[in-house]
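*Asks:* no FASTA, just this:
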């Protein structure tokens, strides 16, 4: 089992929470981004710098993540790819992507992009806060406990 982080837009605090869980459970982590990433002080954490370009990091993760791995991403199309391949994906705000909800999340995402492009809606998601951090930590802990035990 490995934890993959779509690291380009992942909040630093989420990475730190994952690093602590990685150390506690001895699960390797791989950060994937198209920019330089600060080095972690753990032998369990590696990083991959991919080329610049649209969805290059997503493609790398989708090609290398196994169904037994966990992918942390806010990118709904990447999450949909992971779920479609039988994998597990978790949003940095703590929501588990599933076969039941990822299609709806994609539809809402597409609708919001259209509304923003038309000028009907402005802005993006709410600012990342303490409740999001706590929800993520709790979801991650529950999910990793199940996955390490071989349950899904």
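*Replies:* Arrived safely. Since we're looking at a predicted model, the values are computed, not measured.
*Asks:* for this protein, longest helix please?
*Replies:* Counting residues, the longest helix in the chain under DSSP state H turns out to be helix 130-148.
*Asks:* now that one: how far from the chain's centre is it?
*Replies:* With C-alpha atoms, centre = their mean, to the nearest Å as the basis, helix 130-148 stands 12 Å off its chain's centre.
*Asks:* Tell me the helices and strands packed up against that helix.
*Replies:* On a contact count with 3 or more C-beta pairs under 8 Å, 6 or more residues apart in numbering; DSSP states H and E, helix 130-148 meets helix 12-25, strand 70-72, strand 88-90. For the C-beta atoms, the positions are set from N, CA and C on the backbone; glycine is no exception.
*Asks:* 7 Å instead?
*Replies:* If contacts are counted by 3 or more C-beta pairs under 7 Å, 6 or more residues apart in numbering; DSSP states H and E, helix 130-148 sits against helix 12-25, strand 88-90.
*Asks:* doesn't residue 103 fall inside a helix?
*Replies:* Yes: using DSSP: H, G, I helix; E, B strand; the rest coil, the secondary structure at residue 103 is a helix.
*Asks:* Over to the closest residue to it other than its chain neighbours: give its phi and psi.
*Replies:* Distances taken as C-beta to C-beta, 6 or more residues apart in numbering place residue 80 nearest to residue 103, at 7.4 Å, with adjacent residues excluded. Dihedral pair for residue 80: phi -60, psi -40, per degrees, to the nearest 10.
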